[in-house]
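Asker: sharing a sequence plus its predicted fold:
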Amino acid sequence: MTMPTRGRPRRYDPDRALDAALAVFWAHGFAGTTLDALCAAMDMNRPSVYAAFGDKRRLFEQALARFGARLAAHGRAALAAPDLADALGGLFAGVIPLYVPDGRPRGCLVYGVAAVDAPEDEAVRAFVADAVGGLDGVLQARFAQAVRDGQLGPGDDADGRARLAAAVVHSLSLRARAGEDAEALQAFAASSAALLARGSGGPGLRSRR
């Protein structure tokens with residue numbers, strides 16, 4: 001008599017599974033996402049999800065980290081452009097496809113979706129704060145470089161411009177999530193980049209020192 005053999009456990013692609021979870025969180029937020037919905041999207045059962053990624057909270061944190069890494073990689077590449085206007089234009093225009101994947105109005109998983117949970121969740125709040133601070137930091141460094149290179153004058157407020165540039169990134173997320181069309185988003189991105197890269201363009205962009 002031949003004894004039945006146990007089937008091999010189903011293999012899964014961790015990158016595909018995490019991307020699937022990211023999409024569910026992106027669409028519904030942390031509170032609005034059920035574990036059943038995650039399991040269905042990831043094509044995994046609960047024990048497998050727990051074994052591979054931990055609980056729902058831990059899975060959300062991994063999804064945030066994955067999206068944040070993509071956003072940071074884009075930012076580094078865009079801001080490496082030698083011309084400040086090109087760097088800012090590339091940064092702003094490049095986040096739009098990230099915020100409107102396949103034409104769906106999603107916004108930013110970090111600045112838009114996770115920020116909703118931040119007031120009541122210390123870990124998420126710390127993650128969002130780090131992301132905001134990280135964006136401020138790379139933009140401050142880029143504007144300081146523009147001052148050193150002579151693209152901005154010594155009287156131009158590099159730190160203030162950096163915060164305004166970060167605010168444009170956040171605003172693009174909100175506008176995208178609200179359903180603003182790509183053409184309008186691109187126009188806003190282009191005009192914002194041109195204004196912020198204009199040296200000594202007006203009293204609102206001048207240093208008060």
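Answerer: Sure, I can see it.

Asker: going forward, measure contacts and count neighbours with C-alpha atoms only.
Answerer: Noted.

Asker: any idea which element residue 185 lies in?
Answerer: Residue 185 is part of helix 182-196, with elements assigned from DSSP states H and E.

Asker: to clarify, my last question referred to residue 167.
Answerer: Residue 167 is part of helix 158-177, with elements assigned from DSSP H and E.

Asker: for residue 84, see how far away the closest residue to residue 19 other than its chain neighbours is.
Answerer: Nearest non-adjacent residue to residue 19, counting by Cα to Cα, 6 or more residues apart in numbering: residue 63, 7.4 Å away. According to Cα to Cα, to the nearest Å, residue 63 and residue 84 sit 31 Å apart.

Asker: just to be sure, residue 151 is in a helix?
Answerer: No. According to DSSP: H, G, I helix; E, B strand; the rest coil, residue 151 belongs to no helix; its state is coil.

Asker: can you tell me which residues contact it?
Answerer: Contacts for residue 151 (Cα atoms under 8 Å, 6 or more residues apart in numbering) come out as 83, 84, 197, 199.

Asker: just the ones of those residues in helices?
Answerer: residue 84 (DSSP state H).

Asker: out of the contacts of residue 151, who's the most crowded?
Answerer: Sorting the contacts of residue 151 by how many neighbours each has (other Cα atoms under 10 Å) puts residue 84 first, at 24 neighbours.

Asker: confidence-wise, which helix or strand of the protein is lowest on average?
Answerer: Lowest mean confidence among the helices and strands of the chain (mean pLDDT, DSSP states H and E): helix 115-117, at a mean of 87.

Asker: which elements pack onto it?
Answerer: On a contact count with 3 or more Cα pairs under 8 Å, 6 or more residues apart in numbering; DSSP states H and E, helix 115-117 meets helix 122-148.

Asker: report the angle between the helix it packs on and helix 182-196.
Answerer: 50 degrees (axes from the mean of the first three to the mean of the last three Cα atoms, to 10 degrees).

Asker: where does the protein dip in pLDDT?
Answerer: Counting by pLDDT under 70, the chain contains low-confidence residues at 1-11, 200-209.

Asker: contacting residues around residue 60?
Answerer: 21, 22, 25, 30.

Asker: about what we covered before: now do the helix holding residue 185: distance to the chain's middle.
Answerer: Here helix 182-196 shows a centroid-to-chain-centroid distance of 18 Å under the convention Cα atoms, centre = their mean, to the nearest Å.
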